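**Student:** Give me the fold of what follows.
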Amino acid sequence: TGLTGSNGEAARAFKAGELAAMGARGLVPSYAFGNTTSDADAYDAARINPVRNRILLKLDDPHGGRRIDAYSAFLPEATALPQTCK
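**Tutor:** Predicted coordinates for the structure are as follows:
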């Protein structure tokens, strides 16, 4: 593991802390993508909602997020989203 804690509780705590710091600045992700249980735990701790916008690659989310088996599965939904930047 590195200084950030690449797995387990250290990873969850680091990711949750980064998301909390973003939230304190008014930056709340609309979607969160991950591929580890620590990602799912951090997204839950950060209360990224709606839960279906927590998307995990090849992983069942114990907190109710959505599993996808390829990022390409999200493309139709992503292309249907309203454009936010021009």
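
**Student:** going forward, measure contacts and count neighbours with C-alpha atoms only.
**Tutor:** Will do.

**Student:** how much space is there between the spatially most central residue of the chain and residue 42?
**Tutor:** Residue closest to the average C-alpha location in the chain (Cα atoms, centre = their mean): residue 32, at 2.8 Å. To residue 42, residue 32 is 10 Å away according to Cα to Cα, to the nearest Å.

**Student:** any weak-confidence spans in the chain?
**Tutor:** Across the chain, the ranges flagged by pLDDT under 70 are 1-5, 86.

**Student:** buried set for whichever helix in the chain runs longest?
**Tutor:** Determined from DSSP state H, the single longest helix within the chain is helix 8-24. For helix 8-24, the neighbour count (16 or more other Cα atoms under 10 Å) marks 10-16, 19-20 as buried.

**Student:** I'd like the distance from stretch 64-75 to the chain centre, please.
**Tutor:** In this view, stretch 64-75 has its centroid 12 Å away from the chain centroid, taken as Cα atoms, centre = their mean, to the nearest Å.

**Student:** before we move on, back to that, wait, the residue nearest to the centre of the chain sits on residue 41?
**Tutor:** No. Look at residue 32 against residue 41 with Cα atoms under 8 Å: they stay out of range, at 11.6 Å.

**Student:** intersection of neighbour lists for the two?
**Tutor:** Residues within reach of residue 32 and of residue 41 at once, by Cα atoms under 8 Å, 6 or more residues apart in numbering: there are none.

**Student:** how about the strands in this structure?
**Tutor:** Applying DSSP state E to the chain gives strands spanning 32-34, 54-57, 66-68.
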